[in-house]
Each structure stands twice: as structure tokens, then as C-alpha cells.
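Here is a sequence with its predicted model. Questions after.
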Amino acid sequence: MRYWAYFAAKLVAGGALLYGLLVALNSAWPAEVPHFFTYVPPRFGYDLPFTLAVLVWFLLCTGTFYLIIWDQRYRCRVCLRRLRMPVETGSWSRMLQFGRPRIEYICTYGHGTLKEDELQISGLENPEWTPHSDDLWEELCASSKEPGDQP
């Protein structure tokens with residue numbers, strides 16, 4: 001829940017900042033005052049500097065929201081820290097043996113692992129988040145135990 005609340009807060013903050021920029025843009029180019037029995041066309045299509053400024057504002061909006069979403073994908077679902085230590089697994093030359101190449105990111109505090117495909121051939125595939133248990137030592141020692149050993 002904290003993960004999605006942080007994402008919503010980033011979206012609201014980015015939207016508020018960009019809306020403030022739009023208000024400043026509209027105040028920098030005031031609209032023409034209509035005279036009696038005259039038609040005043042809208043500024044967007046007829047005023048070239050205003051139209052270019054709105055275009056730059058729109059590109060800034062799309063870039064900001066893209067960066068917010070991209071940043072959120074590489075955050076830990078528990079502690080919201082950036083995921084680190086990318087490890088490449090698999091090989092194209094040994095795909096039948098090891099599987100398709102993937103990149104794994106881990107949380108440095110052991111909360112989980114994010115696995116995503118190195119190359120997305122068949123469309124956008126969602127990365128796989130694997131949470132880890134709270135007892136890190138149990139996971140580390142589990143590989144060294146024999147299957148028949150009892151604790």
C-alpha cells in the first residue's frame with residue numbers, strides 16, 4: 001500500500017507543478033479582450049509563440065510522467081529504496097539450457113528481487129517481483145543444508 005501511495009504522491013506533486021507552470025504560461029500571454037461585435041479566435045491555433053510554448057509544456061508533461069513511472073518501476077515494494085545490483089542471468093546462445101536472458105535487481109535490505117526480461121520481443125511484459133522472507137539468514141543457510149537434515 002505504501003508503494004502505491006508514494007506513486008500517487010509523486011503523480012500529484014508532478015501534476016501540481018506542471019499545472020502551476022500552465023497557469024504561469026497563461027498569465028504570461030493574456031487573452032485578447034473581445035470588442036463589441038468582434039470575434040476573437042482562440043490563442044492556441046492562431047498565436048504561434050503561445051502554441052509553441054504549449055507544445056513545450058506538453059512535452060515537459062509527458063517527459064515528467066514517463067520519468068515518474070520509470071522511477072517507480074525500479075523501487076523496492078517494501079522500503080521504497082531504489083533497487084540495486086543488476087545481475088544478468090541466462091544466455092542467448094544457451095537459451096534452451098538456462099532460459100531467456102533476464103536482468104535481476106535486488107533490494108539491498110533483502111526485501112525482494114525484481115526480474116525483467118533483457119529484451120522484450122512479444123510486447124510489454126510485466127517484470128516479476130519476488131518478495132523474500134524477513135529472516136535473511138534462513139534463506140542464505142537453506143542452500144547449504146542437505147535435504148534430509150533437520151534443524
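In hand now; what should we look at? Numbering: from 1, shown residues only.

Quick one: low-confidence residue ranges for the protein.
134-151 (pLDDT under 70).

go again using 90 as the cut-off
Segments of the chain classed as low confidence (criterion: pLDDT under 90) are 1, 28-48, 77-78, 85, 87-103, 107-112, 115-151.

quick one: the strands in it?
With DSSP state E as the criterion, the chain has strands at 84-89, 102-106, 112-117, 128-131.

Include distance to F50 and mean neighbour count when you put the ones you listed into JSON lines, please.
Any C-beta I mention is one placed from the backbone N, CA and C, and that applies to glycine too. What follows is the strands of the chain, written out as JSON lines (distance: least, C-beta to C-beta, whole Å; neighbours: other C-beta atoms under 10 Å):
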{"stretch": "strand 84-89", "distance to F50": "44", "mean neighbour count": "11"}
{"stretch": "strand 102-106", "distance to F50": "43", "mean neighbour count": "18"}
{"stretch": "strand 112-117", "distance to F50": "42", "mean neighbour count": "18"}
{"stretch": "strand 128-131", "distance to F50": "44", "mean neighbour count": "13"}
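
How much space separates the nearest residue to A53 once chain neighbours are set aside from Y19?
Distances taken as C-beta to C-beta, 6 or more residues apart in numbering place L25 nearest to A53, at 5.6 Å, with adjacent residues excluded. Using C-beta to C-beta, to the nearest Å, L25 is found at 10 Å from Y19.

quick one, which of those two is more surrounded?
Remark: of L25 and Y19, L25 carries more neighbours, 14 against 11, as counted by other C-beta atoms under 10 Å.

Just list the residues touching the more buried one, thanks.
Contacts of L25 were listed using C-beta atoms under 8 Å, 6 or more residues apart in numbering, and they are A53, V54, W57.

Over to L21?
Counting by C-beta under 8 Å, 6+ apart, L21 touches W57, L60.
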